[in-house]
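Trainee: below are the sequence and a predicted model for it; my questions follow.
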Amino acid sequence: MRIDKPEGSPDPHVGWGSDIAAEMLRRFGCPFISLNPGASYRGLHDSLVNHLGNETPGILLCLHEDHSVAIAHGYARVTGEPMGCVLHANVGLLHGMMAIFNAWCDRAPVLILGATGPVAIEKRRPWIDWIHTMRDQGGLVRDFVKWDDQPSSPESLVESLTRAWLLTRSHPKGPVYVCLDAGLQETKLDHEPVWPDLARMQPPLPPRPAKTDLESATKLLRKSERPLILAGRGARTEKAWLARIRLAERLGACVMSDLKSGAMFPTDHPAHVVAPFNALPQSACEILRDADVILSLDWIDLGGALHQAGSAGEVSAKIVAASLDRHLHRGAGMEYQALAPADIFFPTTSDALVQDLLDELGPGEKPIWREARRGPSGKFGAESITLHQIARVLRDNFDDPERVTFTLLNRGWPTEIWPFTTPLSYLGKDGGGGLGSGPGLSVGAALALHRMGRYAVSVLGDGDFCMGATAIWTAVRHQIPLLILIDNNRSYFNDELHQENVARARGRNEKNRWIGLRLDEPPPNIAKLAEAQGAIGIGPVVRPADVAKAIVEGVGVLKSGGVCVIDFHVEPGEDRRSNASVGQRKTG
């Protein structure tokens, strides 16, 4: 990978306010900082380059503030640790807000630095510093960050950044925002501040389950004949992965996982009874209704899942749930989801509960009470390209498929062809459902994965890619290997299904669902968009006979350290129509 090297030797002296911020980032061990430049933090930019020598952190240049945050978010999804990003004044923060919301909903640790024009009016340049100065800039994002601050002195800057670094890494994790006064950044220091002992500023371990509740849950699970584990948020470590497997086998439990959370349990394990889903399919609803105990491991929207299953029959199971998510629930947004019942609730992480349950249950193993339902074999003919064909050909081009991480996947990805077999097989959805995030998230994840010796592959929709295409310039510029496959249906197809449902409910013409939604006549030239960023663009690939050639070329680019985007024209599968009807709200 490439990080630009400045000329000359760095100035080791901490002489300016912004040097304090840069020095703290290095003391944290922050590896990278993504940014789109702006004059509000020109002092910090100088400190990163001429004080730190553009190393720890190294600058990743972006073409849009939204990408700066998304790249940091993507990095955190792989590592579980934050990197930094910077947003210019109020205007940059406004640009980056969608990506901040994604990171918030995804409970991802991200250290976001911002800047405002000089708070002292005598230091403001005419016009520009006035329109880029706000009394309470953090108020723009306060409802979807863990904490924000605007320090006003060198000493408060040290404490503010230390607190931010501590909070973003503490469970439940989430983004934090620290706004740097431009005047403070450019203030000459007469002495260095007192640096904190960061060894004494580490995030605490998650709280452990109460002994009495743990004994009650263990008793309930031991007696269960039809236990079900909902594997939601959890650590992407081998230790946590194996612990979930041992618990399922110890209980004889069925397991379900959610595409929003990523790979939390091996999808080819006999206990994993249905393919990972976005909305509950009918088969998953049946299992929820049949279970006698449900163990929710920080499942995203447990209340919604129970509601979907209960719409076709009563869910009578006892519910044991673990999550720290309630600590982040606010009143402004509704991302806390429906309120779910629980017979025993543990305010802890899913991984802490899994380990304590294993210790309490002791050794043993029980047979799984229900057989897995594997997906179709994925037949494809000569007329149209399918995700099944793409998955098969792609897998055949890697000697070690377990080294591949899917940073994002579109709906319909065939896990029966390419199962999730490691905690880094798949990283999950974007968190907040914001279109345009996919390319930036993919670049950030690819950055971390490349340092781990893994291959980053992303499957994105055409609408998502077109909104965020310029994010991949950063991958090209900094030599971050990445392969993006476009599942291109030439439409904002999810909304076509919504328009069809509304028209049907109103007795109107469903055939008009495409108007205002089709990306056609002309379709965006996605390969050219990729080439405009310096990447290799392939496509559009419209015939099944051409799939293999395109994938061989794309994988070759990835393995050689490059960035490649392949545009596949894929017709939506029937699964999209069936999924769209699940949980539809009533119209009228």
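Mentor: Received, thanks. Numbers count the residues shown, from 1 in each chain.

Trainee: next secondary structure after the helix ranked longest in the chain?
Mentor: Counting residues, the longest helix found in the chain (DSSP state H) is helix 89-105. From helix 89-105 onward toward the C-terminus, using DSSP states H and E, the following helix or strand is strand 111-116.

Trainee: residues of the longest helix of the chain that come out buried?
Mentor: Using 16 or more other Cβ atoms under 10 Å as the test for burial, helix 89-105 gives 89-90, 92-93, 95-105. All C-beta atoms are positioned from the backbone trio N, CA, C, and that covers glycine.

Trainee: and stretch 519-527, by the same measure?
Mentor: Quick answer for stretch 519-527 (16+ other Cβ under 10 Å): 519, 523-524, 526-527.

Trainee: okay, those in TSV with distance to residue 199 and secondary structure next?
Mentor: Shown next, in TSV, are those (distance: Cβ to Cβ, whole Å; DSSP: H, G, I helix; E, B strand; the rest coil):
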residue	distance to residue 199	secondary structure
519	53	coil
523	56	coil
524	51	coil
526	49	helix
527	51	helix
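
Trainee: which pair in those spans the largest distance?
Mentor: 519 and 527 (14.5 Å; Cβ to Cβ).

Trainee: give me the low-pLDDT residue ranges for this protein?
Mentor: For the chain, residues meeting the criterion pLDDT under 70 lie at 312, 374-382, 573-588.

Trainee: roughly how far does the residue nearest in space to the middle of it sit from residue 100?
Mentor: The residue lying closest to the centre of the chain (Cα atoms, centre = their mean) is residue 430, at 4.4 Å. Distance, residue 430 to residue 100, by Cβ to Cβ, to the nearest Å: 12 Å.

Trainee: out of the buried residues of stretch 519-527, flag the one nearest to residue 249.
Mentor: Distance to residue 249 across these (Cβ to Cβ) is lowest for residue 526, with 44.1 Å.

Trainee: what about the closest one, distance to residue 215?
Mentor: Distance from residue 526 to residue 215, by Cβ to Cβ: 57 Å.

Trainee: which strand or helix spans the closest residue to residue 436 other than its chain neighbours?
Mentor: Of all residues not flanking residue 436 in the chain, residue 467 sits nearest, at 3.1 Å (Cβ to Cβ, 6 or more residues apart in numbering). Assigned by DSSP H and E, residue 467 falls within helix 462-468.

Trainee: then stretch 36-52 to CSV, C-alphas only?
Mentor: Taking C-alpha atoms only, stretch 36-52 is exported to CSV below (Å, rounded to 0.1, in the frame of the first residue of the first chain):
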residue,chain,number,x,y,z
ASN,A,36,-11.1,15.4,2.3
PRO,A,37,-9.1,18.6,2.9
GLY,A,38,-10.5,21.8,4.3
ALA,A,39,-9.1,25.1,5.6
SER,A,40,-10.8,24.7,8.9
TYR,A,41,-8.3,22.1,9.9
ARG,A,42,-5.3,23.3,8.0
GLY,A,43,-3.3,23.5,11.2
LEU,A,44,-4.0,19.8,12.0
HIS,A,45,-3.2,18.9,8.4
ASP,A,46,0.2,20.5,8.7
SER,A,47,0.8,18.7,12.0
LEU,A,48,0.0,15.4,10.5
VAL,A,49,2.5,16.0,7.7
ASN,A,50,5.3,18.1,9.1
HIS,A,51,5.2,17.1,12.7
LEU,A,52,4.4,13.4,12.4
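
Trainee: roughly how far out does that stretch sit from the chain middle?
Mentor: Remark: stretch 36-52 is offset 28 Å from the chain centroid, using Cα atoms, centre = their mean, to the nearest Å.

Trainee: what residues of that stretch count as buried?
Mentor: So stretch 36-52, judged by 16+ other Cβ under 10 Å, has buried residues 36, 38-52.

Trainee: which of these fall in helices?
Mentor: Counting by DSSP H, those place 42-46 in helices.

Trainee: flag every buried residue along stretch 494-501.
Mentor: Buried residues in stretch 494-501, counted by 16+ other Cβ under 10 Å: 494, 496-501.

Trainee: okay if I get those as TSV plus distance to residue 210 and secondary structure?
Mentor: Output for the buried residues of stretch 494-501, formatted as TSV (distance: Cβ to Cβ, whole Å; three-state DSSP):
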residue	distance to residue 210	secondary structure
494	43	helix
496	49	helix
497	45	helix
498	44	helix
499	50	helix
500	50	helix
501	45	helix
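
Trainee: looking at these, spot the one nearest residue 260.
Mentor: Nearest to residue 260 among the buried residues of stretch 494-501 is residue 494, at 15.1 Å by Cβ to Cβ.

Trainee: tell me how far the closest one lies from residue 464.
Mentor: Counting by Cβ to Cβ, the gap from residue 494 to residue 464 is 11 Å.

Trainee: angle of the longest helix of the chain against strand 111-116?
Mentor: Note on geometry: by axes from the mean of the first three to the mean of the last three Cα atoms, to 10 degrees, helix 89-105 and strand 111-116 are set 160 degrees apart in direction.

Trainee: check which helices and strands helix 89-105 sits against.
Mentor: Packing contacts for helix 89-105, counted by 3 or more Cβ pairs under 8 Å, 6 or more residues apart in numbering; DSSP states H and E, involve helix 65-79, strand 111-116.

Trainee: one more time with 10 Å
Mentor: helix 65-79, strand 84-86, strand 111-116, helix 128-131, strand 176-181, helix 438-451 (3 or more Cβ pairs under 10 Å, 6 or more residues apart in numbering; DSSP states H and E).
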